[in-house]
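**Student:** From the sequence below, what's the structure:
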Amino acid sequence: MPRTTRATALTALCCTVAVTALTGCGPLSDVRSGLDEVRTDLETAAEDVMTDGELFTGTKTLDVEGGSLNVSCSGLPADDRPVVVLMAGMGDGLDTMADFQETLAEGDRVCSYDRFGEGGSDQPGGPQSVADAGETLTAVLDDIAGDGPVVLVGHSLGGLIAARYAPDHQDRVAGLVLLDATSPTMLDDITGVIPESATGPGAEVRAQNLAVFEGENPEQIVIGSEPEVRSAGDIPTEIIQHGVRYLGEIPEYGDELERVWTEGQEKWSGVSGLSRLSTAEESGHYIHVDQPDLAVEAVRRVTDQAAA
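**Tutor:** Residues are numbered from 1 along each chain as shown. You can find the predicted model right below:
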């Protein structure tokens with residue numbers, strides 16, 4: 001199997017204040033009055049920023065329990081609009097979400113972050129669980145959104161973490177977008193489709209994925225199978241699966257791997273009574289890269305519904 005196919009299969013399975021310029025000069029007193037007004041406006045804006053927390057554009061380091069995280073935010077907050085939070089897949093940094101984030105930030109406040117072991121964040125101190133990743137997510141949300149609502153947009157493992165997090169945090173998660181999220185039963189699916197007796201590429205895929213799911217990955221995160229998908233209530237949710245059958249390229253077991261992947265996406269529909277499952281027909285695993293307009297539209301639909 002080509003290296004790119006193997007890597008893709010493994011990854012899958014696995015503030016600025018604006019000031020109006022002065023265009024002319026009147027009497028000195030008028031100028032002073034204008035300057036005083038601008039100064040007051042700036043001071044008020046600064047107070048608002050401090051009250052709302054760290055309102056920033058670009059990247060920063062956020063210290064949380066366990067180390068420092070690399071966080072990026074773009075766009076300005078709007079009344080009654082949730083903050084959109086992008087969550088990358090395993091082995092990916094927030095840089096893989098940069099173009100996606102820039103486009104979404106044209107209308108909303110959008111943030112992303114590197115989990116421990118990824119991108120510019122610290123290495124994890126030891127093995128982690130999905131629940132640990134959820135605690136880290138809480139620390140990030142506390143900083144970038146305060147007690148306000150968020151829409152979680154997760155790709156691959158980021159989608160799995162988001163879908164597991166939402167049911168326990170219905171007070172703050174107002175919507176979900178899952179982009180080819182890792183199946184809730186992927187570990188069982190792999191071992192069920194590819195037997196221990198397998199040889200060749202199938203055996204390699206089985207061994208690599210078992211190792212990854214047992215913690216041999218950049219995040220040292222252990223990912224078990226949890227068949228039950230708990231509900232986060234009736235929050236707007238869009239689940240988008242890949243349409244380009246890249247898993248089907250794995251000799252002998254490809255068709256079955258595609259089948260169980262689709263079943264996993266259907267299982268995620270149970271996370272909300274308002275779930276919508278669709279297929280990105282021209283996309284492989286990276287839907288936000290292969291069909292960015294489709295992904296952007298899904299996020300905006302969910303955000304609009306969450307703000308209604």
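
**Student:** hey, where'd the strands end up in this structure?
**Tutor:** 58-64, 67-74, 83-87, 110-113, 128-129, 150-155, 173-179, 221-222, 237-242, 275-280 (DSSP state E).

**Student:** For the residue nearest to Ala181 when sequence neighbours are not counted, which residues are in contact?
**Tutor:** Excluding its sequence neighbours, the residue lying closest to Ala181 (CB to CB, 6 or more residues apart in numbering) is Gly159, at 2.6 Å. Where you see a C-beta, it was placed from the backbone N, CA and C, and this is true even at glycine. Remark: with contacts taken as CB atoms under 8 Å, 6 or more residues apart in numbering, Gly159 is in contact with 87, 89, 178-182, 268.

**Student:** And for Cys111?
**Tutor:** Contacts here follow CB under 8 Å, 6+ apart; on that basis Cys111 touches 71-74, 83-86, 101, 140, 144-145.

**Student:** what do you get if the cut-off is 10 Å, keeping everything else the same?
**Tutor:** Contact analysis of Cys111 by CB atoms under 10 Å, 6 or more residues apart in numbering lists 56, 71-75, 83-86, 94, 97, 101, 105, 140-141, 143-145, 150.

**Student:** Same check on Arg276?
**Tutor:** So, once contact is read as CB under 10 Å, 6+ apart, Arg276 ends up touching 236-240, 269, 298, 301-302.

**Student:** can you rerun that using 8 Å?
**Tutor:** Contacts for Arg276 (CB under 8 Å, 6+ apart) come out as 237-239.

**Student:** Now rank those residues by neighbours and give me the top one.
**Tutor:** Within the contacts of Arg276, most neighbours by other CB atoms under 10 Å means Thr237, with 27 neighbours.

**Student:** show me where the stretch 1-150 of the chain has helices.
**Tutor:** With helices called from DSSP state H, counting those that start in this stretch, the stretch 1-150 of the chain shows them at 3-13, 28-52, 98-104, 130-144.

**Student:** For these, which has the smallest mean pLDDT value?
**Tutor:** Ranked by mean pLDDT, the helices of the stretch 1-150 of the chain bottom out at helix 28-52, with a mean of 38.

**Student:** Would you mind giving me the confidence score for the closest residue to Gly248 other than its chain neighbours?
**Tutor:** Distances taken as CB to CB, 6+ apart place Gly254 nearest to Gly248, at 3.8 Å, with adjacent residues excluded. Looking at Gly254, its pLDDT is 97.

**Student:** got a list of what Gly254 touches?
**Tutor:** Counting by CB under 8 Å, 6+ apart, Gly254 touches 245, 247-248.
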